[in-house]
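*Asks:* Starting from these lines, generate the structure:
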Amino acid sequence: MLNEDPEIEESPLSGIVTRDGVSIHVEIYRLVEGDESWTLEVVNYEGGSTVWEDRFATDKEAYAEFYRVLETDGIESFLEDQPGSRNH
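*Replies:* Below you'll find the model as predicted:
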């Protein structure tokens, strides 16, 4: 029996955000079957990622949380770690 990867739905709110000459990729997604909640992840140009432990009821709530952190902490807050993953 083959172990298939689950099908993922990506939000149209996902995409590249550039501020102060720095670009990051905002990824908002959920499983097509099963959990209806959305996951928020930000990937920087070095391949490091920030993944929120909390899930969001809508993709708009996930984007609002990303934007809140961007406005509060700045885009540099997504660049502090080496490649890998950290939780927000």
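*Asks:* The residue nearest the centre of the chain bridge partners, please.
*Replies:* Of all residues in the chain, the one closest to the mean position by Cα atoms, centre = their mean is residue 41, 1.7 Å from it. Residues in a beta bridge with residue 41, per DSSP bridges, are residue 27, residue 51.
*Asks:* show me where the chain has helices.
*Replies:* For the chain, applying DSSP state H gives helices covering 59-73.
*Asks:* pLDDT weak spots in this structure?
*Replies:* By pLDDT under 70, the low-scoring segments of the chain are 1-3, 80-88.
*Asks:* The residue nearest to the centre of the chain contacts residue 53, doesn't it?
*Replies:* No. Contact criterion Cβ atoms under 8 Å: residue 41 and residue 53 do not qualify, at 11.2 Å. Using the backbone N, CA and C atoms, a C-beta is placed for each residue, glycine as well.
*Asks:* Between the two, which contacts overlap?
*Replies:* Counting by Cβ atoms under 8 Å, 6 or more residues apart in numbering, residue 41 and residue 53 have no common neighbour.
*Asks:* From residue 34, how far out is residue 43?
*Replies:* Per Cβ to Cβ, to the nearest Å, residue 43 is found 23 Å from residue 34.
*Asks:* same question, residue 49
*Replies:* 22 Å.
*Asks:* circling back: quick one: which of residue 43 and residue 34 has more around it?
*Replies:* Remark: of residue 43 and residue 34, residue 43 carries more neighbours, 18 against 9, as counted by other Cβ atoms under 10 Å.
*Asks:* Now do the same contact list for that one.
*Replies:* Residues near residue 43 by Cβ under 8 Å, 6+ apart: 24-25, 27, 49.
*Asks:* and the nearest residue to residue 58 once chain neighbours are set aside, how many residues sit next to it?
*Replies:* Spatially, and ignoring its direct neighbours in sequence, residue 58 is nearest to residue 38 (6.6 Å; Cβ to Cβ, 6 or more residues apart in numbering). Counted with other Cβ under 10 Å, residues neighbouring residue 38 total 22.
*Asks:* what's the spacing between residue 38 and residue 11?
*Replies:* Residue 38 sits 7 Å away from residue 11, going by Cβ to Cβ.
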